[in-house]
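A.B. asks: predicted coordinates and the sequence they were generated for:
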Amino acid sequence: MNFRIKYSRMFVTVLCIIAVSLSLIGCSSSNNANKSAKAGNLTNTLVYAGENTDTINPILDTHGELSSIVFSGLMKNDAAGKPVADLAESYTYDDSSLTYTFNLRKGIMWHDGKPFTAEDVVFTYNKLITDKTLAASILSQYLDIKSVQATDANTVVIVLSKYNAAMLDYFTVGILPKHLLEGQDIATTPFNQKPVGTGRYKFVEWDKAGGSITLVKNEKYYDKVPNIEKIVYKTVAVESTKALMLESGEADLAWLNANYAKKFRGKDGYKNFDFKTADYRAVNPDFKSAFWSKNKDSVGVLNYAINKDDIIKSVLNSQGFSAFSPIQLNIFGGNKEADIYKYDLNKFAEEMKKLGWSKGSDGIYERNGSKFHFKIQVRDYEEERIDIANIVSKQLKDAGVNMEIVLVTKFDWKAGYDGFLAGYAAEFDPDATYQQFLSTGSSNNMKYSNPAVDEILTKARHIKDETERKNLYGQFEVAFAKEPASVLIAFLDGNYVGISGLNGLDTKRVLGHHAVGVMWNIENWTLSKK
Amino acid sequence: MVGEHREDFAIVGANYKIHKPEGNKNSSWRRIRDKPLVSMIILAAIILGCIFAGHIQNHDPTGFYLNHLSKAPNTEFYFGTDSLGRDIFSMIWYGGGVSLIIGLLSMVIMTVIGVVYGCISGNAGSKTDAVMMRIPELINSIPVLLLVLLLISILGAQNIAKISFVIGVTGWCALARIVRSEVRQIRSSEYVLAAQCMGGSSLHIMRRHLIPNFVSTIMFVVVSSISSSMLMESTLSFLGLGLPVDVISWGSMLSLANKALLLNTWWVIIFPGVFLIVTMVCITNIAYHFRKETNKRESNL
């Protein structure tokens, strides 16, 4: 008897546990109503679940959404990504003297009420071209500027030392206020956490503990004042958390990975915004590491062993396509001749043999007594990158290459990893590759060095003729493919999910890395929450 | 001899009864019946399954079946597949081994530290004992998870041995206290005093006199520490602080739960969860049996 009672009691307990865990699955959406009621008057407040950020500064923060709406530049990119005048009312370019003359709009105010003048522009560009202590990934963009001068309060004259085809693009950089930043170290100034700009939204406060940044619309904006009153930017980054926040009504807009975005398709109360991006994922070797400095010749060959289409089908849920060139989607890129690697394990084995690798007893290739084993770091909250890395690792292992994955919370460049799972995008001018892949590029942190690439990229940025430029970038793609900086995997779409009351997002724009740039037309967005 | 003499005595009387001692016939059944049989069978099945995982699994547990993403349980993938096409059924057997090894290894570490520490403390003078007993209390006053996280961050990259070490090193306090109080009871017994007088080393006394006497008392704690260690491993893996991504354990499988909740793939959570819970209930049940046995006995002497 005792025996039977004991077991039936145990059985009931187990059942209860299962029942509770099952019921947890169902209840995540039921507390929707509570949350929004509690939050108070948020009817015209957009809560955006975004990436982690610690700096809002257009010079340092190259792929942050916020610096683009707090600050504004001489130029801005329109829907097609072409530069058009912004803070400048108009500009002229004199080819013989390589001189840009910008006529600034009058009566523009900084968010703190001080007037915006040509001196601010001069200050910002001088920082970029003369400050030797400044370390920023965009510095390579401004190498060709010889001088920046304000001829009067509303006119700025910028003289180049050499023609630069991408210069107008680079004039989109946000202008910093001279009166707040003069004499300060840009990298460490507290200004980076309480920015003052001229853009469409004004910074209000940064709640570091709660991870949210509050902005209100700039009523005195010199162009169309936005409709949405307030933006609360939550620094979330973890993909599953972003999806959960959307589902529970805690967020109104977020960039999700393809699989989570799929869940919201056709769901009542939600809307999917599918942007194209120039954002690609790649296994990026660190050429400073001991392993890759010895085995620099064996990066490209890995492409043969990776079935990229399978990865796109699974991780990206077919929201993307296989990558062969870093500027594949650019109007100047996409040279099919650079697509030299097809998934082919026999070819892989053949090429590895040519490179002098032979399989050891454990099935892993070795050369000169050392194994083909390298370690890459992946940030633990980027699920889509972890998934890509996992599958690539497995495919490489089956082919005889050991790629070890280490999950880190923050990238550690000094811990001796042999690389990382990278992402990068050249969404505007293809000259973005200059800073990334030139041996001396300001963003070339992995120290990729390829003389052929150096030569082509330097030439291509100084040429005016568009067909010739396209030709050169085609050559770059081929040279890159032969000796790549990274094993390119896939370009991904930018899948944004918002609540159904959010309107005005324009998917014409090609977005950048981390699908940044979604707020390019935020002044036209409207929000109606029920 | 007895048999021969029996014939000399005839039983007489109107309605005599042959005395049959009760229960003798079924004594082996009874011995088994007292044991937590169901738990033992289930646990044995799970352990055997994990040991022979290679023969049970019908897919590569580390493989990604990219043409079968998020498939519900079916005849090819018995427990379904996750969002990257990994076969849950194969992973469970393969990962169970890792979880069980961690459980056992942590248990060994905990027991060794706890028993040695408890014996030393129990045998020591009252001042040393007081100091020594404050240490586990101090450790216990810090939340275990915090302590584990601290050790993990010091040790760096994780593997099975390291994670077992961390769990073991943080979990021995309760055991040490029990051992110590048992030892304090036994240590003034005559046979221990006698051994001491004959010059037996404290190690000898511990091995020959102390441990055999409290082994049944600590059995409950020891056995249930296996399941608590497994649970700790799952917690750590769930938090992303456990084993590296490519090592499959029940914990690391459960760490996919968040994703599975979002993608409505219940089988990814339920199966490893059920396996973990069932294993833990079985182990706890067996541990309870040991406790009952100890409590039944009047004395250990």
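C.D. replies: All right, it came through fine. Numbers count the residues shown, from 1 in each chain, chains lettered A, B, ... in the order given.
A.B. asks: number of nearby residues for the closest residue in space to residue B:57 that isn't next to it in sequence?
C.D. replies: Nearest in space to residue B:57, with sequence neighbours left out and distances taken as CB to CB, 6 or more residues apart in numbering or on different chains, is residue B:90 at 3.5 Å. Every C-beta, even on glycine, is put in place using the N, C-alpha and C of the backbone. Using other CB atoms under 10 Å in any protein chain shown, residue B:90 has 24 other residues around it.
A.B. asks: which strand or helix spans residue B:90?
C.D. replies: Using DSSP states H and E, residue B:90 sits in helix B:88-123.
A.B. asks: state the mean pLDDT of that helix.
C.D. replies: Confidence over helix B:88-123 (mean pLDDT, whole number) is 92.
A.B. asks: try stretch A:471-490
C.D. replies: On average, the pLDDT along stretch A:471-490 is 94.
A.B. asks: pretty sure residue A:321 belongs to a strand, no?
C.D. replies: Yes: under DSSP: H, G, I helix; E, B strand; the rest coil, residue A:321 falls within a strand.
A.B. asks: isn't it right up against residue A:312?
C.D. replies: Yes: with contact defined as CB atoms under 8 Å, residue A:321 reaches residue A:312; the gap is 6.3 Å.
A.B. asks: one step back: which residues touch the residue nearest to residue B:57?
C.D. replies: B:53, B:56, B:57, B:58, B:59, B:60, B:61 (CB atoms under 8 Å, 6 or more residues apart in numbering or on different chains).
A.B. asks: 10 Å instead, please
C.D. replies: Residues counted as contacts of residue B:90 (CB atoms under 10 Å, 6 or more residues apart in numbering or on different chains) are B:53-54, B:56-63, B:77-79, B:81, B:248.
A.B. asks: shaky segments in the stretch 1-150 of chain B?
C.D. replies: Along the stretch 1-150 of chain B, the model assigns pLDDT under 70 to residues B:1-14, B:16, B:20-27, B:30.
A.B. asks: follow-up on the earlier one: just checking, next helix/strand downstream of the helix holding residue B:90?
C.D. replies: With DSSP H and E, the next secondary element past helix B:88-123 is helix B:126-141.
A.B. asks: what does the following helix or strand past that next one contact?
C.D. replies: Using DSSP H and E, the next helix or strand after helix B:126-141 towards the C-terminus is helix B:144-155. With contact meaning CB under 10 Å, 6+ apart, helix B:144-155 is reached by B:139-140, B:142-143, B:158, B:162-163, B:165-167, B:169-171, B:173, B:228, B:232, B:235-236, B:239, B:241-242.
A.B. asks: now do the helix or strand where residue A:387 lies, average pLDDT.
C.D. replies: Using DSSP H and E, residue A:387 sits within helix A:383-399. The average pLDDT for helix A:383-399 rounds to 92.
A.B. asks: buried set for it?
C.D. replies: When neighbours are counted by 16 or more other CB atoms under 10 Å in any protein chain shown, the buried residues of helix A:383-399 are found to be A:383-397, A:399.
A.B. asks: determine which two of those residues are furthest apart.
C.D. replies: Spanning the widest gap among those are A:383 and A:399, at 24.7 Å by CB to CB.
A.B. asks: going by proximity to chain B, name the top residue of the stretch 51-200 of chain A.
C.D. replies: Closest to chain B within the stretch 51-200 of chain A is residue A:52: 15.9 Å, counting by CB to the nearest CB.
A.B. asks: that residue contacts residue A:213, doesn't it?
C.D. replies: No: judged on CB atoms under 10 Å, residue A:52 makes no contact with residue A:213 at a distance of 11.2 Å.
A.B. asks: neighbour-wise, which of the two wins?
C.D. replies: Taking other CB under 10 Å, residue A:52 and residue A:213 do not tie; residue A:213 has more neighbours (24 against 13).
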